[in-house]
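Colleague: My questions are about this predicted structure, shown below with the sequence.
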Amino acid sequence: MKRFYTIVIFLLASLGAFAATGGISGKVANIPTPKALPGAFPAPPTPAVVFAVPLGRPSAPAHQTVTMDQKWTQFMPGVLAIPVGATVRFKNNDTVKHDVMWRAIGDDHGLGRNLGVHPPGQAISFRFTHPGAIHILCTLHPGMSAWIYVAPTPYTAVTKSNGQYALNHLPAGRYRVSVWHPGFPVQSKIITVSQHNQVNFKL
């Protein structure tokens, strides 16, 4: 009988935790498309980053590792969203040498770095502990660039090609939902997450 009551209490607690979560989805409109070079295929829109910061509940630094590849003289993906504290592993999957550098994190040029050259098949990693937008470059190949957005929250999403995004499994509460895109100021809205919420933005 004791085991039965333990199972019932566990199921009720699980249902309560499930009921106390929600999600945010929507669309970021007017995402610009980069100009294509003469004779080249049209470039896809550069994704935007959407992130939700819980109000009154500071987020603990993350300890996850994600990968940004260097392949065909490109950074892949071209836009990456990570939480503060995450580590990015830059893997050279190309046939030539690459390096990784950035001049600033956000507006702080004192946080610029050059991680040095790494040959094909090797990787170099860096843990990002400051929030902000980072323009990633390869000095050996000036045409290579990408963006990393370090958000002060684990709740991040990169928009799809149609501008849609989704943030799932958010604990109930108040959030500041923001959108970032290269060349645009950050836009934010305050919402209360209960079950599912629709939040749209327009650049």
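Modeller: Done, it's in. Residues are numbered from 1 along each chain as shown.
Colleague: following the lowest-mean-pLDDT helix or strand in the chain, which helix or strand comes up?
Modeller: The least trusted helix or strand in the chain, going by mean pLDDT, DSSP states H and E, turns out to be helix 2-19, with a mean of 41. Using DSSP states H and E, the helix or strand that follows helix 2-19 in sequence is strand 21-29.
Colleague: so where's this protein uncertain?
Modeller: 1-20, 36-43 (pLDDT under 70).
Colleague: Just the element for the residue most central in space within it, please.
Modeller: Nearest to the geometric centre of the chain sits residue 81, at 1.2 Å (CA atoms, centre = their mean). Residue 81 belongs to strand 79-83 when assigned by DSSP H and E.
Colleague: partner strands of that strand, parallel or antiparallel?
Modeller: When sheet partners are counted by DSSP bridges, strand 79-83 sits next to strand 145-151 (parallel).
Colleague: Show me what the next helix or strand after the strand it pairs with is packed against.
Modeller: Sequence-wise, the next helix or strand downstream of strand 145-151 (DSSP H and E) is strand 156-158. With contacts defined as 3 or more CB pairs under 8 Å, 6 or more residues apart in numbering; DSSP states H and E, strand 156-158 has these neighbours: strand 49-54, strand 79-83, strand 164-171. To be clear about C-beta, it is placed using only N, CA and C from the backbone, and glycine gets the same treatment.
Colleague: make it 6 Å
Modeller: Strand 156-158 sits against strand 49-54, strand 79-83, with contacts defined as 3 or more CB pairs under 6 Å, 6 or more residues apart in numbering; DSSP states H and E.
Colleague: tell me the domain boundaries of this protein?
Modeller: When the chain is parsed with automatic domain parsing, its domains come out as 22-57+161-203, 60-152.
Colleague: quick one, what contacts residue 136?
Modeller: Residues near residue 136 by CB atoms under 6 Å, 6 or more residues apart in numbering: 75, 102, 146, 148.
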